[in-house]
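Visitor: Whatever this is, show me its structure:
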Amino acid sequence: MIVNFSKPHHFTVRSFFKCRPGLSPKEPLGWRAGAGVPSWEGPGRSQRGNLATLTSLIGTEWEIETAGSVLFLEDVDEKLYRVDRYLTQWILAGKLRKIRALILGDFSGLKSADVYKILSTQMKIHFPVVHTPYIGHGKNKITLPVGANVNLVTSKKSLTL
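Guide: Next up is the predicted model:
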């Protein structure tokens, strides 16, 4: 969000300029995964956004396509029960059935472990789920183009375009 550049941080600005067109496919984005993730490597198409906003688009012509994606979700100032309701809608709508991986960004005020627990109690998870605080509305954030071809390597804690 461009509003985040009102008081830019070096980390955020550097990530923004690294995502310009013509970026080398091997260029790391500064992303770091959480610990305890099984070793997994694979390509996918980046899809991302605010969980509440994307949930409201399910069933409309603006609904995002998640099949084959490395899906990034984040939210800001939502209560856990609302995140539970949003994720339940994603599960019931089949939006997580064919994703390649799920990356949980910053859920400001919530623990990523609590968000993961919602998912794991409602569905059998057949894809890697990792966490990065650099997706969302925090001080430091990475820029990730929507629809970019990405490669996730959990053992190296890296994501490349």
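
Visitor: Please tell me the pLDDT value assigned to residue 20.
Guide: Looking at residue 20, its pLDDT reads 55.

Visitor: sorry, that was for residue 76
Guide: Turning to residue 76, the model gives it a pLDDT of 90.

Visitor: Show me where this structure has its helices.
Guide: Taking DSSP state H as the criterion, the chain contains helices spanning 10-18, 51-57, 80-92, 112-122.

Visitor: Identify the residues contacting the longest one?
Guide: Meaning helix 80-92. Outside helix 80-92, the residues that touch it by Cβ atoms under 8 Å, 6 or more residues apart in numbering are 51-52, 55, 58, 75, 78, 96, 107, 110, 114-115, 118-119, 122-123. No exception for glycine: its C-beta is placed from N, CA and C like everyone else's.

Visitor: Taking the centroid of the chain, which residue is nearest it?
Guide: Nearest to the geometric centre of the chain sits residue 72, at 1.4 Å (Cα atoms, centre = their mean).

Visitor: Report the beta-bridge partners for it.
Guide: residue 48, residue 103 (DSSP bridges).
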